[in-house]
Structures are given as C-alpha cells and as structure tokens.
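**Q** Below is the sequence, then the predicted model.
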Amino acid sequence: MLSAAFAVHPAAVASQRHSVRQRQQFCAPIGTATPRRRLPVAMLSVTNAVATQSRESAPASPRKLSFPILVNSCTGKMGKSVAEAAVSAGLQLVPVSFSAIEVPDGKLNICDTDIHIHNPSESERILRSIAKDYPDMIVVDYTVPDAVNANAELYCKLGLPFVMGTTGGDRQLLNKTVQDANVYAVISPQMGKQVVAFLAAMEIMAEKFPGAFAGYKLE
C-alpha cells in the first residue's frame, strides 16, 4: 500500500486516525511548553484525539499540546513556512537553526522570535547543548539532499526524534540508520503538497480496489 509518509521504529504500532485541530492564523502567540516525558511519535502536524460522546453529554475540551520544534533550516522557503506553521499550531519554536547561508547579525526573525543561525559545522555541539534545555524537542529537517544522511545520523546519535522533509540522499541507508538507532522518525519520499495529495489519493485507491496496483511501485 502506498503511503504519503511512514513512521520508522522497530516497535511501531498501528497508526490511528485523529481529527485535525483547526489551524490558527500564522504567527499567533507561542504557547509556553511544560516539561513532560519524551513524545511517543514525531509528527509534523499536531492532532487532538477526543473521545466519542453522546449528544446528551457535554463535549470535553481538547488537550492543548505544546512541544518544542527545531526547524533545520529556517533560511529556506519551506523551512520558514514550516516554522511559521508550527507557531500557528501553538508549538514552541526553538530559537536555533543551521545554515551555510549568511544572514544579517546571524539571526532570522520568524513570528517575533529571533532564530540564531549557526554554521552546520557546529550542529553536534549546539544540538547536544540545546537538547538539555528542550528535552521533548523534535527536529524538522528541510536542508539539502547531500546533508540528509549525515543529519539523520546526527539526530539518531543524539536520540532526537525527527521529521525528514528533505528529498534525496540514500533512503535505504536513512531507514536503516533510524531502525538501528531505535529513534522515532517520520520519513516521506516527497513533502511537496501536490505529491503528498497524490500519494494520499493512491492510498485510498489501493484500499478501495485491492490488487489493482499489484506489481507497481512509486520511486
């Protein structure tokens, strides 16, 4: 079955469908994160699960989630958009990113938050330090194809759950790296909106017409 994205983990459980919380306007005020245990999954969009209730019972208020997201890198168009979307969803944007592109004063302002841009050569030292301040941090990677495997190895080495939004690299090696490290990750063959929509449509087709796509694969 084709899938728009899959979670890689040796002990992964069956996926569940959740109702998506309505997105707020971009650059809404950032919620304050509270300390909590490491999240069981790494995901790009926040969802709320609300128990089914009868019409007679009062609807329960969905639990508001707020956990830290580090977008690597915020200097690109996609990375910046993801950072803005994270803030609009009520997540805490970690004020650190990495890029070989020089920015004025070494900072980039996103939704009234100054993101300090560091050279990729400093990634391990800074990530190791920042992870102590944000123990529930999830990394969202939108860098370049040549950095996919090196970045994934670093995230796994530090035990950081991540979303690999960057296309390219050695995908088989990427999957093996994650599985061997026992780290949660979300990996998609393509994060482009139209491609993700097409993959979702193919998944529905495969469910409705089993066997119709036997022998075919998407590369």
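**A** That came in fine, so what should we check first?

**Q** Could you list the low-pLDDT ranges of this protein?
**A** Applying pLDDT under 70 to the chain flags residues 1-65, 189-191, 218.

**Q** what about dumping the CA coordinates of the top helix by length along the chain to CSV?
**A** Counting residues, the longest helix in the chain under DSSP state H turns out to be helix 193-208. The C-alpha trace of helix 193-208 is given here as CSV (Å, rounded to 0.1, in the frame of the first residue of the first chain):
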residue,chain,number,x,y,z
LYS,A,193,1.8,19.4,-1.3
GLN,A,194,0.7,18.1,-4.7
VAL,A,195,2.8,14.9,-4.4
VAL,A,196,1.5,14.2,-0.9
ALA,A,197,-2.1,14.7,-2.1
PHE,A,198,-1.4,12.3,-5.0
LEU,A,199,0.0,9.7,-2.6
ALA,A,200,-3.0,10.0,-0.3
ALA,A,201,-5.3,9.5,-3.3
MET,A,202,-3.4,6.4,-4.3
GLU,A,203,-3.7,5.0,-0.8
ILE,A,204,-7.5,5.4,-0.9
MET,A,205,-7.5,3.8,-4.3
ALA,A,206,-5.5,0.9,-3.0
GLU,A,207,-7.9,0.4,-0.1
LYS,A,208,-11.0,0.6,-2.3
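
**Q** how far away is G169 from H116?
**A** 26 Å (CB to CB, to the nearest Å). (Each C-beta comes from the backbone N, C-alpha and C, glycine too.)

**Q** quick one, which of the two is more surrounded?
**A** Neighbours were counted for G169 and for H116 using other CB atoms under 10 Å; G169 has more, 19 against 15.

**Q** wait, isn't that one in contact with V144?
**A** No. Using CB atoms under 8 Å, G169 is not in contact with V144; the gap is 9.3 Å.

**Q** contacts for stretch 99-107?
**A** Contacts with stretch 99-107, where a contact means CB atoms under 8 Å, 6 or more residues apart in numbering, come from S73, C74, T75, G76, D114, I115, H116, I117, H118, N119, P120.

**Q** ok, which pair from those is furthest apart?
**A** The largest distance within those, taken as CB to CB, falls between D114 and P120 and amounts to 19.5 Å.

**Q** Between those two, which is the more surrounded one?
**A** The neighbour count for D114 versus P120, taken as other CB under 10 Å, is higher for P120 (17 against 12).

**Q** does the closest residue to the more buried one other than its chain neighbours have beta-bridge partners, and which?
**A** Counting by CB to CB, 6 or more residues apart in numbering, the nearest residue to P120 once its immediate chain neighbours are dropped is F98, at 4.9 Å. For F98, the beta-bridge partners are H118 (DSSP bridges).

**Q** do you know how far F98 is from S123?
**A** For F98, the distance to S123 - CB to CB - is 5 Å.

**Q** Same check on M78?
**A** Distance of M78 to S123, given as CB to CB: 19 Å.

**Q** who's more crowded, these two?
**A** Taking other CB under 10 Å, M78 and S123 do not tie; S123 has more neighbours (19 against 16).

**Q** Buried by neighbour count: which residues of the helix or strand hosting that one qualify?
**A** In this assignment (DSSP states H and E), S123 forms part of helix 123-133. Judged by neighbour count (16 or more other CB atoms under 10 Å), helix 123-133 contains these buried residues: S123, L127, I130, A131.

**Q** List the contacts of the second one.
**A** By CB under 8 Å, 6+ apart, the residues touching L127 are L70, V139, L154, Y155, L158, L160.
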